[in-house]
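# Here's a sequence, model it:
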Amino acid sequence: MSASQPAARVSRAVPRGLSRTGPVLFSYGFRPFFLGGGLWAIAAMVLWIAAIAGHVDLAGDYGAPNWHAHEMLFGFASAVLAGFLLTAVPNWTGRLPVSGWPLGGLFGLWCAGRAALLATDAIGVVAAAVIDGLFLPALLAICTREVVAGRKWKDLKVLGGLLALSIANGVFHMAAIDGGHDHVTIRLAAAAYVVLVMIVGGRIVPSFTRNWLNKSGRTDFPVPYNRYDTAAILGGVAALAAWTAAPEHPATAGLGLAAAVLHGVRLHRWRGWTTAPEKLLVILHIAYAFVPLGLLAIGFSALGGLEERSVLHLLSVGAIACMMLAVMTRASLGHTGRALTASRLTVAAYAALVLCALVRPLGEAFPDASAEIYAASGVLWIAAFGLFCLEYAPILARKRRAPL
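Modelled structure (predicted):
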């Protein structure tokens, strides 16, 4: 190998969030979408609490319950997913990231959806649904173009989850326009996100754990991806598909319990206890632990032992939101040139969100205290993302530091 080859490789490397022209916020996909997702997580929960307390009439004819479910799954979560994909896909394909005004336009499309669903009385439910429905297909088109151009065919399976979310969003809107609340579509959306956690989490959790252990001079690495992981993912997909279509069927109970065991063993193979000194890694393992826990809940729910709402919150807050917060903090630090270590504020945000995921289902076990439990859950959610925004908003809006 000649001395000039490493230099050539460096020159072709994908830039890590360097702001060359235009606003720093639009220099890389994670910046606007992680910040926007974090702020919207707070605002949407405050509005929902105000609505159920009777202080505001939320979303007009669209319906406050529909709006809340939509904005958690297709508003907040879609922003974080966009930030992740627009940052990860360039790494997978070796192509330059979407940045500048094209990124600003995509972010504006997401913002337009949030505004439209709050203005249904002014513009109508159909118009609001159409405006909101543009974002996910646009994101899918951009990511598909990049994956195909980079010939990374194995990554098309990740885009399958994005396609499912795009379809689910449209179907949910159609049900809301007709005055309904589509539980099937809500389960489909949650299932699509959990499958993405299974696929992407199965890539990053053991990889980041191995890298950290290697830097620490240890060799007790996680088990590399093999056929067991494929079997676990397929088992999880089967259980989530059954839950989506028939949540109370006996077969769903069997599939859910079996998949819970598969993913519990999968998590154990990643040796999460070895990461105890670094909470930036610990939270990845904790977030993934909600996958087998949620699958276990699916099994118990199908047997009549748990309400569907509790299952949904374990999956949406535990597996989905906790993994998203873990990825948001790590990517925000790493792609802005900061040390990959969790501060006290970050650890407090993690703790608040994990408690939120665990507290919310207790409302079913203690019905007399359900109002207080739900309120505590909402406060913990706001605290988690409030702490994230407090620490990471300046990081996301500033120029990248020099490499450490």
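
# Distance check, the residue nearest the centre of the chain against His268.
Geometric centre of the chain, nearest residue: Met324, 4.0 Å, by CA atoms, centre = their mean. Relative to His268, Met324 is positioned 23 Å away (CB to CB, to the nearest Å). (C-beta placed from N, C-alpha, C; glycine too.)

# Skipping its backbone neighbours, what lies nearest the residue nearest to the centre of the chain in space?
Distance criterion CB to CB, 6 or more residues apart in numbering; nearest residue to Met324, sequence neighbours excluded, is Val80 at 4.4 Å.

# same deal with Leu163?
In space, and not counting its chain neighbours, Leu163 is closest to Leu140: 6.1 Å by CB to CB, 6+ apart.

# That neighbour: helix or strand, and which one exactly?
helix 135-149 (DSSP states H and E).

# Same question for Phe107.
Here Phe107, judged by DSSP H and E, is contained in helix 100-118.

# how about the helix or strand following that helix: buried residues?
Reading on from helix 100-118 to the C-terminus, the next helix or strand found by DSSP H and E is helix 120-123. Buried residues in helix 120-123, defined by neighbour count with 16 or more other CB atoms under 10 Å: Thr120.

# elements contacting the helix or strand following helix 120-123?
Sequence order places helix 125-132 as the next helix or strand after helix 120-123, per DSSP H and E. Counting by 3 or more CB pairs under 8 Å, 6 or more residues apart in numbering; DSSP states H and E, the packing neighbours recorded for helix 125-132 are helix 100-118, helix 156-177.

# and Ala326, helix, strand or coil?
At Ala326 the chain is in helix, as set by DSSP: H, G, I helix; E, B strand; the rest coil.

# Is it correct that it is in contact with Leu284?
Yes - with contact defined as CB atoms under 8 Å, Ala326 and Leu284 form a contacting pair (5.0 Å).

# More neighbours: which of the two?
The residue with more neighbours, out of Ala326 and Leu284, is Ala326; 28 against 24, by other CB atoms under 10 Å.

# So for the more buried one, what's the nearest residue that isn't a sequence neighbour?
Of all residues not flanking Ala326 in the chain, Ile283 sits nearest, at 4.4 Å (CB to CB, 6+ apart).

# Next up, the contacts around the one you found.
Each residue near Ile283 by CB atoms under 8 Å, 6 or more residues apart in numbering is listed here: 322, 325-326, 329, 342, 350.

# Report the secondary structure element holding it.
Per DSSP H and E: Ile283 is located in helix 279-302.

# any idea how far the residue nearest to Ala326 is from Thr219?
From Ile283 across to Thr219, the span is 24 Å (CB to CB).

# re earlier: could you give me the average pLDDT of the helix holding Leu140?
Computed over helix 135-149, the mean pLDDT rounds to 91.

# Kindly report the same for stretch 321-332.
97.

# Extract the C-alpha trace of it and format it as CSV.
The C-alpha trace of stretch 321-332 is given here as CSV (Å, rounded to 0.1, in the frame of the first residue of the first chain):
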residue,chain,number,x,y,z
ALA,A,321,-38.6,6.2,22.8
CYS,A,322,-35.8,5.0,25.1
MET,A,323,-33.9,3.6,22.1
MET,A,324,-34.5,6.9,20.3
LEU,A,325,-33.2,9.0,23.2
ALA,A,326,-30.2,6.7,23.5
VAL,A,327,-29.4,7.2,19.8
MET,A,328,-30.1,11.0,19.9
THR,A,329,-27.7,11.6,22.7
ARG,A,330,-24.9,9.4,21.4
ALA,A,331,-25.2,10.7,17.8
SER,A,332,-25.4,14.3,18.9
